[in-house]
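Peer 1: here is my input, please return the structure:
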Amino acid sequence: MSQDALFQLGMDSVVLNTAQKEENTTAQPAPAVCDDKDHFIEKNGVLCAGSHFIVDLFEAERLDDLPYIQQTLVDCVNAAGATLLHIHLHPFEPNGGVSGVAVLAESHISIHSWPERNYAALDIFMCGDAEPERCIDVLQRAFSPGRIDVQELLRGRSA
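Peer 2: Here you go, the predicted model:
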């Protein structure tokens with residue numbers, strides 16, 4: 001990628017703390033999708049594109065531990081039966097917060113953490129046969145939140 005393209009993406013001035021490196025992991029390409037299946041699901045009698053969970057973790061731990069967060073996202077993907085395409089995590093200084101995304105064949109899991117407030121915001125959206133609700137237990141075990149708020153949205157609902 002050229003320097004101009006990186007500049008347009010706002011990536012030319014990223015400076016990482018030498019103690020904390022940005023993680024960039026790529027998995028194997030996803031298998032081809034059959035043309036006759038659009039991966040919409042039926043949930044609670046509703047035809048939709050998939051389930052989108054909005055997750056807030058309060059009084060949570062290890063929200064500045066980049067390798068741990070990466071492994072937790074992988075554990076979420078595996079628990080949900082999803083297909084990992086790529087993980088990109090970025091640490092922020094000086095507070096150690098982390099922003100990132102696990103890109104899935106079925107959509108994504110994203111995280112943004114504020115370790116100085118023991119808070120993290122996550123999005124978990126999946127279509128097809130994946131079971132995104134299984135990520136909630138993984139997050140609870142991994143980050144030991146004192147409180148967790150979960151909202152589920154059914155995306156692309158048929159009218």
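Peer 1: could you report the neighbour count for residue 90?
Peer 2: 17 (other Cβ atoms under 10 Å). C-beta here means a position set from N, CA and C on the backbone, and glycine is covered the same way.
Peer 1: distance of it from residue 70?
Peer 2: 11 Å (Cβ to Cβ, to the nearest Å).
Peer 1: between the two, what contacts are shared?
Peer 2: residue 100 (Cβ atoms under 8 Å, 6 or more residues apart in numbering).
Peer 1: all strands for the protein, in order.
Peer 2: Ranges of strands within the chain are 23-26, 41-43, 46-48, 50-58, 84-91, 98-104, 107-114, 119-126, 147-155, based on DSSP state E.
Peer 1: could you point out the longest helix of this structure?
Peer 2: helix 66-80 (DSSP state H).
Peer 1: just give the nearest non-adjacent residue to residue 72, would you?
Peer 2: residue 142 (4.3 Å; Cβ to Cβ, 6 or more residues apart in numbering).
Peer 1: same question but for residue 49, I mixed them up
Peer 2: residue 156 (3.0 Å).
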